[in-house]
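J.: the sequence and its predicted three-dimensional model are supplied below.
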Amino acid sequence: MGMLCSATGVQQGDPLGLLLFSLVLHGLILKIAEDDTCGELLFNKWYLDDGVLAGTSLSVRAALDVISSLGPFLGLYINFAKCEVFGKAELSAFPSEISKRIHHCFTECLALNLSPQSSGWKQACLSLSRGGLGLRSVAVHSTAAYLGSVSSSSPDLASSHYVIDALNLFNLQVSAEDTVSIPLPTKSHFQHDLSQRIENCQFHALYNSGSLADRARLLSISSAHASSWLQVVPSPRQGCDMATSEMQWGIKWWLGLPLTPELGVCAYCPDKALDAHHAVTCKFGGDVVARHNALRNAIFDFCKRALLNPKLEAGAGLGHERRLTRPADILIPSWSNGDKPAAIDVSITSPLKSNILSEVGVVAGAAARQTEERKHTCNDTICSELGWKCVPLVVETFGAWGRTAGQFFGELASRLAAQSHSSKTTMLNNIYGRLSLILVRANARAFNARLATTMDLLEG
């Protein structure tokens, strides 16, 4: 076997190579900074062999002349094939072009008729925590990105007219209490903070322009963990996958887009229009029960993995007068130290029910809270007689979980983390991700089943 010897320089991957290269490059950067012809250069920053020069066209050209004349002596040559030049006119068109391509790709992949000016697309451009799909607009957030970059890397440029122009544009995008002024903060995550301020304004604009049902939907989907189904890694082996039709339905439903052909009615309820709310709440056809059982079984599985010795359907047949009562979908004999056994009662409720819409459209999580209270009223007495503690796990059809569920899943994640030697955050994301996907998938199947049956009846 032969040996390859390193004759000159350092070997590939040697960290010393970065230092030696930087020492050579540093002299060239200083020459650019000291050259009088580069006096109007506003930006001269480098990361190894990748550099950014910004300023007037004459100053940028002068800096390139310095590199071209002195660089070869140091063994440094410009690769113009890998260089990009942007002027003021090109910069203004660049972000909008990216946004157009993202919009085209998204609508084509999901077969959506969604204009860039529609409320659905504006929602899609919000982050997941705001009920969107994370397709942030480069044009909208370019000011936040630029100001964040200046703040973190070149605060001495904060008084330049470029920064002032960007600052004025940003302040037009946000509410009065979220405006920013010079000097720019130098705190970390400043760009993230600025983008959140833009999104706050966008979210409230969508909320204020929507109907009461739209407002209830936006509040529910922007609740913590409601969007977890969009972050699950697809895995058919683990049951974490969705058919194309289910994904398309889920996205349309999430964005509040029309779902049915005109005059469509429910195959099981001819007097009811086939809309998303009816499909996910219709008690006929077995879909509501199937969805409940799928969520219950998934929670049961998590409890088994946490070695909590859970039991299904505890409490059924406790006497003739309670034969139909099951205060515990899942019974956990020993939930916490010194506490009673936990009677887990899984429930799904819709925030679009007409009798609660006026409150749910104003207060996030109101539907889940009301159902929790009703469950306590119905089951606390029975559970107390059995020596149990009622623990209602309530989720809204859009994925917002009630307060009790949040507390329960937090403790369950801690137990799972201890068993699997994973972090609590990882296990909590696994719980919410799987349950959220099961919920949306079951909702989609309920709707698609009714639509298919209805279309068959119309064609017949």
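T.: Perfect, I can see it now. Everything numeric here is computed off the predicted structure, so don't read it as measured data.
J.: going by C-alpha atoms from here, please, whenever you check contacts or count neighbours.
T.: Noted.
J.: where exactly do the strands run in the stretch 301-450 of the chain?
T.: Using DSSP state E, counting those that start in this stretch, the strands found in the stretch 301-450 of the chain span residues 311-314, 328-332, 342-349, 389-396.
J.: which one of those strands lies closest to residue 143?
T.: Each of these has some distance to residue 143 by C-alpha to C-alpha; the shortest is strand 389-396, at 36.3 Å.
J.: got a list of what the closest residue to residue 131 other than its chain neighbours touches?
T.: Nearest residue to residue 131, sequence neighbours excluded (C-alpha to C-alpha, 6 or more residues apart in numbering): residue 222, at 4.3 Å. Listed by C-alpha atoms under 8 Å, 6 or more residues apart in numbering, the contact partners of residue 222 are 128, 129, 130, 131.
J.: retrieve the pLDDT associated with the third one.
T.: Read it as residue 130. Looking at residue 130, its pLDDT is 94.
J.: was I right to think residue 382 contacts residue 327?
T.: Yes. If you go by C-alpha atoms under 8 Å, residue 382 and residue 327 touch, sitting 7.2 Å apart.
J.: between the two, who's got more neighbours?
T.: Taking neighbours as other C-alpha atoms under 10 Å, residue 382 and residue 327 compare with residue 327 leading, 29 against 20.
J.: helix, strand, or coil at residue 281?
T.: Three-state call for residue 281 (DSSP: H, G, I helix; E, B strand; the rest coil): coil.
J.: got it, and the one 10 residues further on?
T.: Here residue 291 is helix, with the state taken from three-state DSSP.
J.: residue contacts, it?
T.: 438, 439, 442, 443.
J.: how many neighbours does residue 274 have?
T.: The number of residues near residue 274, taken as other C-alpha under 10 Å, comes to 25.
J.: distance check, it against residue 33.
T.: Separation of residue 274 from residue 33 (C-alpha to C-alpha, to the nearest Å): 69 Å.
J.: with residue 385 instead?
T.: Residue 385 is 82 Å from residue 33, by C-alpha to C-alpha.
J.: cool, residue 415 as well?
T.: Counting by C-alpha to C-alpha - residue 415 and residue 33 are separated by 58 Å.
J.: looking at these two, which is more packed in?
T.: Legend: neighbour count by other C-alpha under 10 Å for residue 415 and residue 33, higher for residue 415 (20 against 16).
J.: where's that one relative to residue 125, distance?
T.: 36 Å.
J.: also residue 235?
T.: From residue 235 to residue 125 the distance is 26 Å (C-alpha to C-alpha).
J.: how about the nearest residue to the residue most central in space within the chain, chain neighbours excluded?
T.: Residue closest to the average C-alpha location in the chain (C-alpha atoms, centre = their mean): residue 128, at 2.5 Å. The shortest distance from residue 128 to any non-neighbouring residue, by C-alpha to C-alpha, 6+ apart, is to residue 134 (5.5 Å).
J.: low-confidence ranges in the stretch 351-460 of the chain?
T.: 453-460 (pLDDT under 70).
J.: try the chain
T.: For the chain, the ranges with pLDDT under 70 are 1-10, 87-96, 155, 158, 260-264, 314-326, 337-338, 453-460.
J.: hey, which helix is longest across it?
T.: helix 424-459 (DSSP state H).
J.: dump the strands of the stretch 301-450 of the chain into JSON lines; add distance to residue 268 and mean neighbour count as well.
T.: Below are the strands of the stretch 301-450 of the chain laid out as JSON lines (distance: least, C-alpha to C-alpha, whole Å; neighbours: other C-alpha atoms under 10 Å):
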{"stretch": "strand 311-314", "distance to residue 268": "28", "mean neighbour count": "17"}
{"stretch": "strand 328-332", "distance to residue 268": "27", "mean neighbour count": "25"}
{"stretch": "strand 342-349", "distance to residue 268": "20", "mean neighbour count": "24"}
{"stretch": "strand 389-396", "distance to residue 268": "23", "mean neighbour count": "26"}
